[in-house]
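Visitor: Build me a model from this:
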Amino acid sequence: MDNHMVKRAFIALMLALPGGLHAQITLPPVGALVDPVISRVQTALAPADEVVRSIDVLAAERLDRLTKFVAQHPDETEFDSAGQPARRGELLVIDPRPDDLAAAQRGGFALIEQQRIEGINIGYARLAVPPRLPLAKAERALRKLLPQAEVTADQLHFQSGSRAQSGSSQPLLAGLPRGGTIGVIDGGVVGGGTVAAQVGFAAGAPHPNAHAQAIRSLLVAAGTAKLYVADVYGTDLAGGNALSLARALGWMAQQRVPVVSISLIGPPNPLVARAVAAAQAGGMVVVAAVGNDGAAAPPAYPASYPNVIAVTGVDGRGRVLLEAGKASHLDYAAPGADITAIGLDGRRVSLRGTSFAAPLAAARIAAHRAATAKPQQVLSLTDAEAVRAGRKTGRGILCGACRSGS
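Guide: Numbers count the residues shown, from 1 in each chain. As a prediction, the model looks like this:
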């Protein structure tokens, strides 16, 4: 049985569970406008060596943005032992034992809090690192103190889309099922209607966020009936961290949200991996963007976790975005350029990025889930709807006409 068949069987099983058990680093405010050089490379006549250079530039720019982000926010962030941005001065121990915490405290680490995430039943302890000890060194020291424990920095995740320089408006799909319920883990949104609930998992949250608002606009136009919004950014400069994502997934699981869209990217993190797996085991389908750092960037997470539906972006001509990142697997593509949405100020804005493709794919999965009495058929129905466009779009393009938010 190939990987696609295994994933289909797994997701069909999740969707069939009873009782509803069923942003590449685009650093705020970076992620920004599409560089004119990259736009030129998108043309069909672009020389191959220019495309290769542009992909290399994207990878280099990713590293540069990470470095600048941490340098600009030294009081809130620093690099962990893997060279990834994380919350400054804190480490997490997953499902710690009492003797783990005692050993850590003897080693100079201070317990900030110990909690269990409801909905996914994962415990964690937040530890403050010893004074004046860099996070990377503290992480290595704690792992030596607790060789049997699962230790991680509270790594950051970044939104994977932004305003673009141009866009167009086209009619939405006709003749296909609409509706369904979707959870969005991102920033905060404004406006009622389809938003059934909104909860904050960061300081100052929920707080209106342009990226999240654009996603909400696209989902409303795509026909999604009900939205649950988890704001993991708020006003926290170290928002989008691993703990906030895990807690958001726990809340979504408690609300029995069947499909959750995540347009954030970051490194592999054991706490987020555990949270995703626990949510999936309860029946949730997790959809995630592959990011905007180009094919030379490392695989994006959470899109690369097992059985997550990984989504890339295409433009108005069905071409995969040059800046689209990658995951360990690819399921679908959806519009990620030549699209518009209603912004926080009520004006129409043009968008670009895989951030906006992921929720559109999630909308189609959720619509089929709401329309069929046989949950195990949801993925097959979604596959049947997808427009085949080559291996770079996975099993095909979903919601191809969904290019104008409302």
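
Visitor: Name the strands paired with the longest strand belonging to the chain and say parallel or antiparallel.
Guide: Selection of the longest strand in the chain by residue count, based on DSSP state E, yields strand 85-94. Using DSSP bridges, strand 85-94 pairs in its sheet with strand 77-79 (antiparallel), strand 122-128 (antiparallel), strand 150-155 (antiparallel).

Visitor: Now do the next helix or strand after it, average pLDDT.
Guide: Using DSSP states H and E, the helix or strand that follows strand 85-94 in sequence is helix 98-106. Mean pLDDT, helix 98-106: 97.

Visitor: what does helix 98-106 rub up against?
Guide: Outside helix 98-106, the residues that touch it by CB atoms under 8 Å, 6 or more residues apart in numbering are 93, 111, 114, 125, 127, 142, 145-146, 148-149. In this view, the C-beta of every residue, glycine as well, is placed from N, C-alpha and C.

Visitor: Of all the strands paired with strand 85-94, which one is nearest residue 252?
Guide: Evaluated over those, closeness to residue 252 peaks at strand 122-128, with 13.6 Å, by CB to CB.

Visitor: by contact count, what packs against the next helix or strand after that closest one?
Guide: Once the chain leaves strand 122-128, the next helix or strand it forms, by DSSP H and E, is helix 135-145. Contacts defined by 3 or more CB pairs under 8 Å, 6 or more residues apart in numbering; DSSP states H and E place helix 135-145 against strand 77-79, strand 85-94, helix 98-106, strand 150-155.

Visitor: Could you save the strands paired with strand 85-94 as JSON lines and add columns showing mean neighbour count and mean pLDDT?
Guide: Output for the strands paired with strand 85-94, formatted as JSON lines (neighbours: other CB atoms under 10 Å; pLDDT from 0 to 100):
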{"stretch": "strand 77-79", "mean neighbour count": "20", "mean pLDDT": "98"}
{"stretch": "strand 122-128", "mean neighbour count": "20", "mean pLDDT": "99"}
{"stretch": "strand 150-155", "mean neighbour count": "24", "mean pLDDT": "99"}
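
Visitor: Show me the helices in the stretch 151-300 of the chain, by range?
Guide: 210-221, 242-254, 270-281 (DSSP state H, counting those that start in this stretch).

Visitor: Domains in the protein, by residue range?
Guide: The record assigns the chain these domain ranges, following automatic domain parsing: 3-30+158-393, 78-154.

Visitor: how close does residue 237 sit to residue 324?
Guide: 27 Å (CB to CB, to the nearest Å).

Visitor: er, residue 267 actually
Guide: Distance from residue 267 to residue 324, by CB to CB: 18 Å.

Visitor: do the same with residue 94
Guide: 31 Å.

Visitor: More neighbours: these two, which one.
Guide: It is residue 324, of residue 94 and residue 324, that has more neighbours when counted by other CB atoms under 10 Å, with 30 against 19.

Visitor: and the more buried one, what helix or strand is that in?
Guide: Short version, using DSSP H and E: residue 324 is in no helix or strand.

Visitor: if you skip the residues just before and after it, what's nearest to it?
Guide: Ranked by CB to CB, 6 or more residues apart in numbering and with sequence neighbours excluded, the top spatial neighbour of residue 324 is residue 312, at 4.7 Å.

Visitor: Give me the secondary structure label for that neighbour.
Guide: strand (DSSP: H, G, I helix; E, B strand; the rest coil).

Visitor: so it bridges to which residues?
Guide: residue 333.

Visitor: can you count the residues close to it?
Guide: 29.

Visitor: List the contacts of it.
Guide: With CB under 8 Å, 6+ apart, residue 312 has these contacts: 289-290, 320-321, 324-325, 330, 332-333, 336, 354, 357, 392-394.

Visitor: now these: which count as buried?
Guide: Applying 16 or more other CB atoms under 10 Å to the contacts of residue 312, the neighbour count classes 289-290, 320-321, 324-325, 330, 332-333, 336, 354, 357, 393-394 as buried.

Visitor: That's all I had, so thanks and see you.
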